[in-house]
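**Q** Here is a sequence together with a model predicted from it:
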Amino acid sequence: MTKKQLNVRVDATTAEIARARAEQEGISMNQYIEKLVQQDMGETGRSFVDAAAQFMKEYEAAFLAEFGEHEGVGQRR
């Protein structure tokens, strides 16, 4: 995988905390930052799925009223 360089400016305290956390985990600062971004992406994906499920739950009756019941929609086997 091709790597891209990022330059990030943070305050001194944040930099110290990030270095300490990376050291505690036994990984480089680059690996630590990459891990944080990947975790954030995972949380965003989960949030989207959760929001979509909630939307479908809230509007299930409206969809059924508009489109009726079809196999796999609103029916459980």
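**A** Structure's in. What do you need?
**Q** Longest helix in this structure, by number of residues?
**A** helix 29-67 (DSSP state H).
**Q** So what's the model's average confidence on it?
**A** For helix 29-67, mean pLDDT is 85.
**Q** Skipping its backbone neighbours, what lies nearest residue 6 in space?
**A** residue 33 (7.9 Å; Cβ to Cβ, 6 or more residues apart in numbering). Where you see a C-beta, it was placed from the backbone N, CA and C, and this is true even at glycine.
**Q** what does residue 8 give?
**A** Using Cβ to Cβ, 6+ apart, the nearest residue to residue 8 is residue 33, at 7.5 Å.
**Q** Just give me the neighbour total for that neighbour.
**A** Neighbour count of residue 33, defined by other Cβ atoms under 10 Å: 15.
**Q** Surely it and residue 18 touch.
**A** Yes: using Cβ atoms under 8 Å, residue 33 is in contact with residue 18, at 7.2 Å.
**Q** picking up where we left off before, who are the contact partners of the residue nearest to residue 8?
**A** 6, 8, 18 (Cβ atoms under 8 Å, 6 or more residues apart in numbering).
**Q** roughly how far apart are the residue nearest to residue 6 and residue 24?
**A** From residue 33 over to residue 24 the distance is 15 Å, taken as Cβ to Cβ, to the nearest Å.
**Q** next one: residue 13
**A** Counting by Cβ to Cβ - residue 13 and residue 24 are separated by 16 Å.
**Q** So which bits of the helix or strand harbouring residue 20 are buried?
**A** Taking DSSP states H and E as the definition, residue 20 sits inside helix 12-25. Across helix 12-25, burial judged by 16 or more other Cβ atoms under 10 Å covers 18, 22.
**Q** send the alpha carbons of it over as CSV?
**A** Extracted C-alpha coordinates of helix 12-25, given in CSV (Å, rounded to 0.1, in the frame of the first residue of the first chain):
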residue,chain,number,x,y,z
ALA,A,12,2.4,20.4,23.0
THR,A,13,0.3,18.6,25.5
THR,A,14,-1.6,16.7,22.7
ALA,A,15,1.8,15.7,21.1
GLU,A,16,3.1,14.5,24.4
ILE,A,17,0.0,12.4,25.1
ALA,A,18,0.1,10.9,21.6
ARG,A,19,3.8,10.0,21.9
ALA,A,20,3.2,8.4,25.3
ARG,A,21,0.2,6.4,24.0
ALA,A,22,2.1,5.2,21.0
GLU,A,23,5.0,4.1,23.3
GLN,A,24,2.6,2.4,25.7
GLU,A,25,1.2,0.4,22.8
